[in-house]
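Enquirer: Here's a sequence, model it:
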Amino acid sequence: MSERPHRKTVSGIVISDKMDKVVTVQVEALKKHPLYRKYIRTRKKIKARDAENSCKVGDTVKLMETRPIAKTVRWRVVEIVKKA
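Expert: Got it, this is the predicted structure:
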């Protein structure tokens, strides 16, 4: 799949591969608290399209934002960075 310049990309760990052609990925980010200035780890679950069903639980993957594919699927797997 080609890289597009204005699309968001994130990386995360696959936590579920039970659906057909869709994986659930947990993405972590560090955000600074506005008042206390302490860094807080935030986690978000993202559903992403995996057309080849090649991702397994524990894999580190790179995701790219795309058009809505299903009701909750707005991301797709670009590459598997590290296998579990």
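Enquirer: So, low pLDDT: which residues of the protein?
Expert: 1-4 (pLDDT under 70).
Enquirer: just the strands in it please.
Expert: Per DSSP state E, the chain carries strands over the ranges 9-19, 22-32, 39-49, 60-65, 75-82.
Enquirer: In a markdown table: those, plus mean neighbour count.
Expert: Where you see a C-beta, it was placed from the backbone N, CA and C, and this is true even at glycine. As requested, those are exported to a markdown table (neighbours: other C-beta atoms under 10 Å):
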| stretch | mean neighbour count |
| --- | --- |
| strand 9-19 | 16 |
| strand 22-32 | 16 |
| strand 39-49 | 14 |
| strand 60-65 | 19 |
| strand 75-82 | 17 |
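Enquirer: Tell me what the residue nearest to Lys8 when sequence neighbours are not counted is bridged to.
Expert: In this structure, Lys8 finds its nearest non-sequential neighbour in Glu65, 4.3 Å apart by C-beta to C-beta, 6 or more residues apart in numbering. Note on Glu65: beta-bridge partners by DSSP bridges are Trp75.
Enquirer: Relative to Lys47, how far out is Glu65?
Expert: 12 Å (C-beta to C-beta, to the nearest Å).
Enquirer: any residues in contact with both of the two?
Expert: 74-75 (C-beta atoms under 8 Å, 6 or more residues apart in numbering).
Enquirer: Pretty sure Asp59 sits against Val77.
Expert: No: if you go by C-beta atoms under 8 Å, Asp59 and Val77 don't touch, sitting 9.3 Å apart.
Enquirer: before we move on, back to that, enumerate every residue touching the residue nearest to Lys8.
Expert: 7-9, 74-75.
Enquirer: now Thr42
Expert: Thr42 neighbours (C-beta under 8 Å, 6+ apart): 28-31.
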